[in-house]
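[1] structure, please.
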Amino acid sequence: MPTIQTKHTLAPQTELYYETYGEGRPVVLIHGWPLSGRMWEAQIDALRHGGYRVVTYDRRGFGQSGKTATGYDYETFAHDLNDLLESLNLNDVTLVGFSMGGGEVSRYAGLFGTQRLRSAMLVASVAPYLLKTADNPDGGLTQTEVETMVEQVAKNRPQFLAGFTQKFLNWREHKGKLGDEFLDFAASLYLQASPVATQECVRAFGMTDFRADLAKLTVPTLVVHGDKDQIVPLEASGQRVSQYQPGAELHVMKGAPHGLNATHAEDFNKILLDFVAR
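    Okay, here's the model as predicted:
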């Protein structure tokens, strides 16, 4: 298996599984919770045939990467991403972060700057800050809602995630396009994850503030979000990014749910390829 060994000491060192296809400028795709790099199948084909080197990897605790006991916070995730970019010697990179993966993109810029980056995409992303607080009243989640979600995952992870996936895809609307087999595919990804990672990442993406990080994401940045996202509502996230990074461009996909890269793959891939080509 192609893996890199993490080098930093913020958390237990582990192996990160990655896949790479094609030749050309690198595009690194960062998956959402609770999936793995395999969620990007339709985008891998579009990018490798489009003349790019596409790299996917599994976040620690997910997919085929190492399952550590601790380290499920964005400081660690950003250092893991930095270790991947350094190990593969990637420069002039477009980072594409989906959902909680948008947090990695943001925190990476906050900690390491943008020297290796050409551009960035935040897709259905949790940035800038999902938690409702006194100074963030427009966030999408209360602390009680975060902890309730953790409890539901801990109590019956397969059952909770099966229902979550249907909301992820606005299933009633898109079932005919994707077919029941797609739910089996999604389950095959999220059931690879560590139960501990699945729980702790809810707290990470639900309670981490990326507002200061976005100010340091100074490369061309495209925010893509569906206006029917039931998981990370547009109004609580994508629509607010420009408050903290005025240079970010927002593209709202009409009728698209959270999992827009699957339900609206053709339209999303066009947006992706057009942006990467800039």
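[2] all strands of this protein, in order?
    Using DSSP state E, the strands of the chain run over residues 3-5, 15-21, 26-30, 53-57, 93-98, 117-123, 221-226, 249-253.
[3] got TSV for those, with mean neighbour count, distance to residue 271 and mean pLDDT too?
    Every C-beta, even on glycine, is put in place using the N, C-alpha and C of the backbone. What follows is the strands of the chain, written out as TSV (neighbours: other CB atoms under 10 Å; distance: least, CB to CB, whole Å; pLDDT from 0 to 100):
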stretch	mean neighbour count	distance to residue 271	mean pLDDT
strand 3-5	15	29	98
strand 15-21	18	20	98
strand 26-30	27	13	99
strand 53-57	24	16	98
strand 93-98	27	11	98
strand 117-123	25	9	98
strand 221-226	24	6	98
strand 249-253	16	6	98
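[4] between the ones you listed, which gets nearest to residue 72?
    Nearest of the strands of the chain to residue 72, taken as CB to CB: strand 15-21 at 13.8 Å.
[5] which strands and helices lie in contact with that closest one?
    strand 3-5, helix 41-49, strand 53-57, helix 74-87 (3 or more CB pairs under 8 Å, 6 or more residues apart in numbering; DSSP states H and E).
[6] quick one: strands adjacent to that strand?
    strand 3-5 (antiparallel), strand 53-57 (antiparallel) (DSSP bridges).
[7] mind putting these into JSON lines with distance to residue 241?
    Formatted as JSON lines, the strands paired with strand 15-21 follow (distance: least, CB to CB, whole Å):
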{"stretch": "strand 3-5", "distance to residue 241": "30"}
{"stretch": "strand 53-57", "distance to residue 241": "23"}
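[8] out of those strands, which comes closest to residue 18?
    The nearest among these, by CB to CB, is strand 53-57 at 3.9 Å.
[9] the helices in the stretch 101-250 of the chain, which residues?
    Taking DSSP state H, counting those that start in this stretch as the test, the helices found in the stretch 101-250 of the chain are 101-112, 143-155, 157-168, 171-178, 181-190, 195-207, 211-215.
[10] want to throw these into CSV with distance to residue 91, mean pLDDT and mean neighbour count?
    Below are the helices of the stretch 101-250 of the chain laid out as CSV (distance: least, CB to CB, whole Å; pLDDT from 0 to 100; neighbours: other CB atoms under 10 Å):
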stretch, distance to residue 91, mean pLDDT, mean neighbour count
helix 101-112, 13, 98, 26
helix 143-155, 37, 98, 15
helix 157-168, 33, 97, 17
helix 171-178, 36, 96, 14
helix 181-190, 30, 97, 16
helix 195-207, 28, 98, 20
helix 211-215, 21, 98, 20
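[11] and of those helices, who's closest to residue 17?
    Nearest of those (CB to CB): helix 181-190, 12.7 Å.
[12] next one: the closest one to chain centre, how far?
    17 Å (CA atoms, centre = their mean, to the nearest Å).
[13] residues contacting it, please?
    Helix 181-190 is contacted from outside by 34-36, 38-39, 63, 158, 161-162, 165-166, 168-169, 171, 198, 262, using CB atoms under 8 Å, 6 or more residues apart in numbering.
[14] against residue 29, how distant is residue 20?
    To residue 29, residue 20 is 11 Å away according to CB to CB, to the nearest Å.
[15] mind listing the shared neighbours of those two?
    Contact criterion CB under 8 Å, 6+ apart; residues shared by residue 20 and residue 29: 54, 55, 56.
[16] quick one: contacts for residue 157?
    Residue 157 touches 195, 198, counting by CB under 8 Å, 6+ apart.
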